[in-house]
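> I would like the atomic coordinates for the input below:
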Amino acid sequence: MKTISKKSVLDACKIMVQVRMDNAQEAMNSAHESTLNEEKSSAGDKFETGRAMGHLNRDMFAKQRDQANKDMEILNGIQAFKRHSEVELGTLIYTKDKIFFIALGLGKIMVEGHEVWVISEQSPLALAMLNKTLKDSFEFNAIKYKINNLE
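Sure thing, here's the model as predicted:
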């Protein structure tokens, strides 16, 4: 399996998280504007309901933005050029058929034409391989994997 740059994987993850941050901020601003417009054009119970819904939406998008900010902090703490001798946060793991990156729970992404499974350090799959080293094996969902390379 051809190796890919860990920096490329990390950059792709950062782009995804930045898009989530931007979308959440935009939705939060839109919900706020909607609430302001509701206040200008409505009266009575309808006004109160519309305003409450606007606040709920804004709060929901604020939480999404805050989570994306935390995710970006995790990614910014990963050193793109650090070589790992064992599986831990920030490790790019090559097995015979799959490439894994221990960072966030982003799922499968495409980087340089390769599928990379970006998984959280707390995920069951990551826990199965944490602290494993080159040539170690691990099992997940009754499938055996052997670590062929670590980055």
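
> so where's this protein shaky on pLDDT?
By pLDDT under 70, the weakly predicted segments of the chain are 1, 37-51.

> for it, what's the longest strand?
Counting residues, the longest strand found in the chain (DSSP state E) is strand 114-120.

> could you pull out the helices for the protein?
Secondary structure of the chain (DSSP state H): helices located at 6-41, 44-76, 124-129.

> Any chance of JSON lines for the ones you listed, columns mean neighbour count and distance to Gly113?
No exception for glycine: its C-beta is placed from N, CA and C like everyone else's. What follows is the helices of the chain, written out as JSON lines (neighbours: other Cβ atoms under 10 Å; distance: least, Cβ to Cβ, whole Å):
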{"stretch": "helix 6-41", "mean neighbour count": "16", "distance to Gly113": "11"}
{"stretch": "helix 44-76", "mean neighbour count": "15", "distance to Gly113": "22"}
{"stretch": "helix 124-129", "mean neighbour count": "17", "distance to Gly113": "23"}
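
> didn't Val116 look like it was pressed against Lys108?
Yes: applying Cβ atoms under 8 Å, one finds Val116 in contact with Lys108, separated by 7.2 Å.

> higher neighbour count, those two?
Val116 (24 against 11; other Cβ atoms under 10 Å).

> In the beta-sheet assignment, what are the partners of the residue nearest to that one when sequence neighbours are not counted?
Take Val116 and drop its neighbours on the chain: the residue closest to it by Cβ to Cβ, 6 or more residues apart in numbering is Ile99, 4.8 Å away. Here Ile99 shows beta-bridge partners Tyr94, assigned using DSSP bridges.

> And Gly107, by the same measure?
In beta-bridge terms (that is, DSSP bridges), Gly107 pairs with Val118.

> how far away is Gln99 from Lys82?
Small correction: residue 99 is Ile, not Gln. Counting by Cβ to Cβ, to the nearest Å, the gap from Ile99 to Lys82 is 17 Å.

> neighbour count winner among these two?
Ile99 (22 against 10).
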